[in-house]
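S.K.: Model the structure of this input:
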Amino acid sequence: MKLSEIETHVVEGYSPDVVPRLYKLMKISGRKLSGGNCGMSAYAIYQFCKDRLKLTLRLGLISNGDHRQLCDISAQDGNVYHVFVQHGGQFYDETGSINSAYLTNLAKSQYQDSNPEFWHSIDPEKDTCINPIIRNDTDWDTSWQDFYRVLEKHFKVQ
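M.R.: Coordinates of the predicted model:
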């Protein structure tokens with residue numbers, strides 16, 4: 001996929017199909033994007049869009065507990081269930097466009113938690129604890145830098 005294919009759809013910092021396209025590119029690598037890697041893959045998309053496409057994305061996550069602040073998740077040994085990308089008011093993960101019902105169902109079916117904590121609009125530039133949360137509180141086996149390199153390899157700038 002060429003950068004120009006995405007750029008033609010970018011209007012004032014928003015492109016409704018850019019995040020699903022980037023997830024699709026990462027699937028080419030054969031690495032799993034969920035099951036612990038959701039945070040690393042989401043962060044790679046965030047960073048790639050910031051660096052290469054000049055798009056402003058945010059991250060979101062669902063977790064257990066009753067944390068007063070996002071950074072309390074690591075401090076209080078919270079469990080992160082899922083990390084996702086937020087773009088233009090829409091949520092995305094490796095399955096495509098998702099919503100709060102999907103996230104609640106995921107927490108209930110995989111973690112028996114019918115009332116998970118829901119965090120959205122996380123700005124990694126300001127909410128600097130998100131990187132340690134992803135690194136320490138998810139069961140990842142592929143770093144965000146590896147996912148980022150996949151995007152660079154398959155997303156050529158003309």
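S.K.: Quick check: longest strand in this protein by residues?
M.R.: Secondary structure assigned by DSSP state E gives strand 80-87 as the longest strand of the chain.
S.K.: Who does it pair with, and is each partner parallel or antiparallel?
M.R.: As defined by DSSP bridges, the strand partners of strand 80-87 come to strand 58-63 (antiparallel), strand 90-93 (antiparallel).
S.K.: Let's verify G36: helix, strand, or coil?
M.R.: The three-state label given to G36 by DSSP: H, G, I helix; E, B strand; the rest coil is coil.
S.K.: For G65, give its distance to P132.
M.R.: 16 Å (CB to CB, to the nearest Å). For every residue, glycine as well, the C-beta is placed using N, CA and C.
S.K.: ok, back up a step: so which of the strands paired with strand 80-87 is nearest Q110?
M.R.: strand 58-63 (10.5 Å; CB to CB).
S.K.: so which of the strands paired with strand 80-87 is the most packed in?
M.R.: Highest mean neighbour count of those: strand 58-63, a mean of 23 (counted as mean count of other CB atoms under 10 Å).
S.K.: Can you give me every residue that contacts N79?
M.R.: 63-65, 111, 137 (CB atoms under 8 Å, 6 or more residues apart in numbering).
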